[in-house]
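Enquirer: Below are the sequence and a predicted model for it; my questions follow.
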Amino acid sequence: MDIRRLKVFCKVFELKSFTKAAEALSISQPTVSEHIRALEKALGERLIDRLGRAVIPTPAGKVFYRYALSIIQMLEEATQALGQFKGRLAGRLILGASTIPGTYILPRFIGTFKTEHPAIRFTLRISDTAEIVQEVLETSLEAGLVGSKWNDRRLLLEEVFADELVLAVHPEHRWARKRKIALEELVDEPFILREKGSGTRMVMNRIMEDQGLDPSRLSIVAEMGSTEAVRQGIRFRIGVSILSNQAVAEDLRQGTLVLVEINNVRFFRPLYLIQRKNRQITPLCQAFLAYLRVGVKQIEGFSV
C-alpha cells in the first residue's frame with residue numbers, strides 16, 4: 001500500500017477538506033481525489049463521504065484513520081532510528097505551539113537545532129492553546145508548547161519556563177505618564193481582548209479573578225485572534241491590552257508602546273510542554289525536547 005495515499009487520507013480526515021489537504025501537501029486537488037479513490041478501491045470500503053462541500057469520514061474511515069496514522073508514525077520512527085544508527089538525526093518533526101511560544105520562542109531553538117542537524121524537517125503549527133491541546137490528544141502532534149495549564153488526565157504537562165503578561169498602552173495615552181495604575185482603573189478603559197481559547201486570555205482572566213476583579217466588567221472594544229493584531233490595535237489607539245512581554249519587547253525598546261504597571265499585581269504565567277500520556281515519542285522528538293529544556297534556561301527574561 002502506497003504510504004503517500006495514507007498521508008493524503010489522514011490529511012483529508014484531519015482538515016475535513018480536499019482543498020485544504022491539497023494546499024497543506026502542496027499537490028493539486030484532483031491528485032488528492034485520485035489518491036482517496038485508489039485507496040478506497042484497494043480497501044473495498046468508502047472512507048470519505050462527499051456531501052457537497054462537506055467532507056465527512058465514514059465509520060470505516062474513522063477506524064482506518066487510527067491505523068493509517070500509526071503506520072505513518074511507525075515509518076517515521078523507523079527512518080529516525082536508522083538515522084541514529086548512522087550517527088545522525090534525520091526525519092520530520094511536527095510540533096505545535098500557542099501564539100507566544102510559537103512566534104517568539106520556538107523558532108530560535110528550531111533554527112539552532114537544525115543547524116546542528118540539517119537533515120531534519122520541522123513543521124510548526126501555531127494556533128490557540130485549545131486547538132494545540134486537541135491536536136496533541138489526537139496524536140497529530142507529538143508535543144506542544146502552550147501558555148495555559150490544561151486539566152485533562154490524558155495529558156502530561158511540564159512547566160518549562162515562565163512568561164510575564166504586561167499592560168501596554170499607546171505612548172500618548174494618559175497612563176503612559178502615570179506609569180502605574182490600580183487594577184480597578186481597567187474597568188472603564190477601552191480594552192482589546194484575545195479570542196476565546198487563547199492562553200493569554202485564560203491566564204489574564206484567572207489572575208484578575210484572583211485579585212477580585214470580574215473580567216466581564218472590562219469595557220471590551222475589540223476581540224482579536226492574534227497577539228500581533230492586539231499589538232497593532234494598541235498602536236492605532238483602539239484600546240489598551242494585556243499581552244506577553246515577549247510580543248511587545250521591541251515596541252517597548254523603540255518607544256512605540258509603553259508598559260504600565262498595575263499596583264500589587266503581576267501577571268506571571270508558566271508555559272507548558274504538553275504530550276499525550278502513554279504515547280512513545282520518536283527519537284527525534286526526544287532529542288529536540290531535551291535540547292529545548294537545556295536551552296530555554298538561557299533565555300533572558302524567563303525563569304524556570
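Expert: Here it is on my side, so go on.
Enquirer: going forward, measure contacts and count neighbours with C-alpha atoms only.
Expert: OK.
Enquirer: With just CA atoms, put the helix or strand where I192 lies into CSV.
Expert: Per DSSP states H and E: I192 is located in strand 190-194. Output of strand 190-194 as CSV, limited to C-alpha atoms (Å, rounded to 0.1, in the frame of the first residue of the first chain):
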residue,chain,number,x,y,z
PRO,A,190,-11.4,50.6,26.2
PHE,A,191,-9.8,47.1,26.2
ILE,A,192,-8.7,44.8,23.4
LEU,A,193,-9.2,41.1,24.2
ARG,A,194,-7.7,38.0,22.7
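Enquirer: Give the rounded mean pLDDT of the very next helix or strand once past that strand.
Expert: Next in sequence after strand 190-194, counting helices and strands by DSSP H and E, comes helix 199-210. For helix 199-210, mean pLDDT is 92.
Enquirer: same deal with stretch 2-10?
Expert: Computed over stretch 2-10, the average pLDDT equals 88.
Enquirer: Buried residues, that stretch. List them.
Expert: 5-10 (16 or more other CA atoms under 10 Å).
Enquirer: ok, now how distant is L289 from Q275?
Expert: 11 Å (CA to CA, to the nearest Å).
Enquirer: Between the two, which has more neighbouring residues?
Expert: Shown here are L289 and Q275; by other CA atoms under 10 Å, Q275 has more neighbours (23 against 15).
Enquirer: Tell me what angle the strand holding I192 forms with helix 199-210.
Expert: Relative orientation of strand 190-194 versus helix 199-210 (axes from the mean of the first three to the mean of the last three CA atoms, to 10 degrees): 120 degrees.
Enquirer: Show me which residues of strand 190-194 are buried.
Expert: So strand 190-194, judged by 16+ other CA under 10 Å, has buried residues 190-194.
Enquirer: Same question for stretch 67-76.
Expert: In stretch 67-76, counting by 16+ other CA under 10 Å, buried: 68-69, 72-73, 76.
Enquirer: So what touches it?
Expert: Contacts to stretch 67-76, defined as CA atoms under 8 Å, 6 or more residues apart in numbering, come from residues 3, 6-7, 10, 91-92, 282.
Enquirer: ok, these vs E158, which is closest?
Expert: Nearest to E158 among these: T282, at 18.0 Å, using CA to CA.
Enquirer: how far away is the closest one from D152?
Expert: With CA to CA as the criterion, T282 and D152 are 23 Å apart.
Enquirer: Same check on R269?
Expert: Taken as CA to CA, the span from R269 to D152 is 19 Å.
Enquirer: Which one's more surrounded, those two?
Expert: R269 (21 against 11).
Enquirer: Show only the entries of the buried residues of stretch 67-76 found in helices.
Expert: 68-69, 72-73, 76 (DSSP state H).
Enquirer: quick check, distance from the helix or strand where V294 lies to the centre of its chain.
Expert: If you go by DSSP H and E, V294 is part of helix 283-295. The chain centre lies 17 Å from the centre of helix 283-295; the measure is CA atoms, centre = their mean, to the nearest Å.
Enquirer: Contacts for that helix, please.
Expert: In contact with helix 283-295 (CA under 8 Å, 6+ apart) are residues 77, 80-81, 89-91, 93, 109, 113, 142, 160.
Enquirer: List the buried residues for it?
Expert: For helix 283-295, by 16+ other CA under 10 Å, it's 283-285, 292.
Enquirer: Turn the buried residues of strand 190-194 into JSON lines, including pLDDT and distance to V55.
Expert: JSON lines is the format used below for the buried residues of strand 190-194 (pLDDT from 0 to 100; distance: CA to CA, whole Å):
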{"residue": "P190", "pLDDT": "97", "distance to V55": "41"}
{"residue": "F191", "pLDDT": "97", "distance to V55": "39"}
{"residue": "I192", "pLDDT": "97", "distance to V55": "36"}
{"residue": "L193", "pLDDT": "95", "distance to V55": "33"}
{"residue": "R194", "pLDDT": "92", "distance to V55": "30"}
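Enquirer: Nearest to D210 among those?
Expert: Nearest member of those to D210, counting by CA to CA, is L193, at 18.5 Å.
Enquirer: thought the closest one was touching L218?
Expert: No: using CA atoms under 8 Å, L193 makes no contact with L218, being 9.4 Å away.
Enquirer: Just the strands from the stretch 201-304 of the chain, written as ranges.
Expert: 219-224, 241-244, 258-262, 267-276 (DSSP state E, counting those that start in this stretch).
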